[in-house]
Structures are given as structure tokens and as C-alpha cells.
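Need the 3D shape of this:
(one chain, ligands or ions: 1)
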Amino acid sequence: MSGDWNWLQNNCAKGDTIVATTPITELPVLVGFEDATPLLSAPEALRAQADRDGYLFFKKLLPADVVLDLRRQLLDVLDRFGWLQPEAEPRMGLANPAAVADLAGWGGAGVTQAAYLAIQKLELFHCLPHHPKLIRMYETLFGKAVLPHPRNIARLMIPSPGAVPTPIHQDFIHIQGTRNVWTAWIPFGDVPRELGGLAVLRGSHKQGVLAVAPAAGAGGLEAILCNINLPWIEHDYEVGDVLTFHSCTVHKALPNRLGNRVRLSCDYRYQPGDEDVEEKSLKPHMQIADWSELYAGWPDSDLKYYWTKHNLALSPWNETIRWQKERICD
Ligand SMILES: O=C(O)CCC(=O)C(=O)O
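The predicted structure follows:
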């Protein structure tokens, strides 16, 4: 055990205020998720693994052509805004360093508000979370009907001087409602570890809701890890892969070490249809527009306002969960 870890434990024992600093980097790191695909035909075993680890990984759950089609649409938007290298094929996803030098991402999306609006208008972006492979997987996990949240999040992580990887956090403080919400993190294209994929802290969902401190990066709040000795699991993602994790599972993005390559991904969220949902989960991400504006260019589709057909149990937002800015460890 390292000196840093001992420092954390000693200071925790004394009840000092803990700020999230060095001990986090000292946690063990393992590489490679176990593929949970075989457990889809053994629901009890699937749930046992989900309960043990707080996440499940499915190798190539989604068809590559669908995911790559969405990747192409996202890169087209980045190209339209002039952020990709003009001499390279857009599908390579290579940022133009001069064009992104001053890029200030809006609210953790990685791109400006105007570009994020264009992305939120893409029908396929909001269609993909309803793919039967995803819905069946969550029905198996929950053992009941599933509510996909319509607030779908895209992460367009363009390497620019101001870009910061998503900090260590739990989704629950940003979602609320039932804790039984699971996020699907889906890479849009291959995302080796060097490109800055998502890492999860195995078993951390059993720690409850952790205290937070302000931090740079998406979400703006960092979970304070105190007296936790669990391993980080990192992975080299391939197109079609799906990682899903509980709303209390601690996770973070790895830094992008691949120069100019853009990292694209999404967060789609799912919960049992009969459990509480907080109202903002039913609105567009960061309330960038009304649904009517996002839907304006779509053909007629059952997916428009689909959640209004569910009998939803709404629960109120609790701002105090996000007020905890420091924690005294016991
Ligand atoms: O993809 C990312 O960098 C962040 C994903 C995530 O953890 C989140 O949006 O909550």
C-alpha cells in the first residue's frame, strides 16, 4: 500500500477535511471487462454480477453499421463547424488544432451550444437508445418493463487546450429519482484506453451517495473517495460495445493521449418503468431546446414523446445532495 493511501487513511481517521487529491491515483488499475453477453440467457446470474460489480459490459451488443452511421452524422456536425482537419476524411475524426485552439465546450458537451443543438436534433441519436438489443438487455437486468430516459447525452470530446476529462463521479447526483437507474456508455467508434474511454470503480455502487467537491470537466462535481480501496477497471472499447453501470457506480474518463483524435460517445439512461423518475430526466439534455424544436426535422415517429405513454411516478429534485462540498471521513 502506498504512502499516499496511508496518508488518506490517517487523515480520515483524524477527521480532517478530505479533498479529492492523490489517493485516487493510487487505487489499483485492472484492464479489460468480462463480457456479460453469455449471462443474457441466465437472468439470475446477470443480476448477481450486476449487484456484485455495479456494472456490466457487453461485447459488440450493437450492430457496428448503426453505430458507425451515427458516428458519421456526429462527425459531419463537427466538420460543418470547421473543427476537423480539412485534408483528412471526416470519418477519421481528426481535429484541426488551429481551429479548436480556443474551443470552449458548453456544459461538458465538448462543443459549443450551437453544435450541441445540431447534435441533439439528430433522430438517430435519440433512436439508438431504443434499439431492441438495449431494451431486451435492460428488461433482463430489471426483470420488468423498462423506461429509457429521453434526456440523451452526447460527449464530443475534441482534444483542445481547454478540454478536461470527465471527473470521478456518480451519476445519481445528476439524475436523482430512483437509484436504480443504469447508464449505457456507448463509444461511437473504437475507443482504446489512450483515446480516453470510461473507467469504472468496481463495486463502488455499494458505497452509497458520496460527498462531492467542485471540479473541472463534465458535471462540474467530483466524488470524494475516502477509505475506499476498490480497483479501477479500464478497457479498450470497440465499436458496438456497451458498458452499463448503476447510478451510484463511481466512474471517470481517462485522458486523451492520442493527439488530435476526437473521442465520441453517449450516455443513455434506463430504469424500471414503475420506479420514481425526476422530471428533468424527461427533458432534453441541459434543456437546450424544447422537444418540439428537436423533433422539427423528424418524420412522424412513435418515438416522439414516447414516455408520455408510460404511467410515470415523478419524484422531486433534491438540491441538497449536491451541496455537500466536503466530507469528514470516519
Ligand atoms: O464520456 C464521458 O467523458 C463522460 C461520461 C459520464 O460519465 C457522464 O456523462 O456521466
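
Helices along the stretch 51-200 of the chain, start to end?
When assigned using DSSP state H, counting those that start in this stretch, the helices of the stretch 51-200 of the chain occupy the ranges 64-80, 97-100, 113-120, 123-127, 132-142, 172-175.

residues contacting the closest residue to Ser204 other than its chain neighbours?
On the basis of C-beta to C-beta, 6 or more residues apart in numbering, the spatially nearest residue to Ser204 that is not a chain neighbour turns out to be Val250, at 3.9 Å. Every C-beta, even on glycine, is put in place using the N, C-alpha and C of the backbone. Contacts for Val250 were tallied using C-beta atoms under 8 Å, 6 or more residues apart in numbering; they are 168-170, 200-201, 204-205, 207, 210, 223, 225, 228.

Kindly recompute the last result at 10 Å.
Taking C-beta atoms under 10 Å, 6 or more residues apart in numbering as the criterion, Val250 is in contact with 24, 54, 168-171, 199-205, 207, 210, 223, 225, 228, 230, 232.

circling back to that earlier point, can you say which of the helices of the stretch 51-200 of the chain is nearest to the ligand?
Among the helices of the stretch 51-200 of the chain, the nearest to the ligand by C-beta to the nearest ligand atom is helix 172-175 (6.7 Å).

How far does that closest one sit from its chain's centre?
The chain centroid and the centroid of helix 172-175 are separated by 11 Å, computed with C-alpha atoms, centre = their mean, to the nearest Å.

Tell me both backbone torsions, phi and psi, for the residue nearest the centre of the chain.
Centroid check for the chain by C-alpha atoms, centre = their mean gives Asp267 as the closest residue, at 4.2 Å. Main-chain dihedrals, Asp267, degrees, to the nearest 10: phi -120, psi 110.

Please apply the same query to the one 10 residues further on.
Dihedral angles phi and psi of Val277 (degrees, to the nearest 10) take the values phi -130, psi 140.

pLDDT value on the closest residue to it other than its chain neighbours, please?
Closest residue to Val277 apart from its sequence neighbours, by C-beta to C-beta, 6+ apart: Gly177 at 4.4 Å. In the prediction, the pLDDT value recorded for Gly177 is 97.

now Asn227
Asn227 carries a pLDDT value of 86.

same deal with Thr308?
As summarised for this prediction, Thr308 has a pLDDT of 97.

Let me know how buried it is, in neighbour terms.
Residues contacting Thr308 under the criterion other C-beta atoms under 10 Å number 9.

What distance do you get for it to Trp291?
Plainly put, Thr308 is 10 Å away from Trp291 if you go by C-beta to C-beta, to the nearest Å.

low pLDDT regions in this protein?
Counting by pLDDT under 70, the chain contains low-confidence residues at 1-25, 324-330.

Give me every residue in it that's in contact range of the ligand.
Proximity of the chain to the ligand is confined to 153, 155, 166, 171, 185, 198, 218-219, 251, 253, 265, 267 under the rule C-beta under 6 Å from any ligand atom.

Thanks a lot, see you next time.
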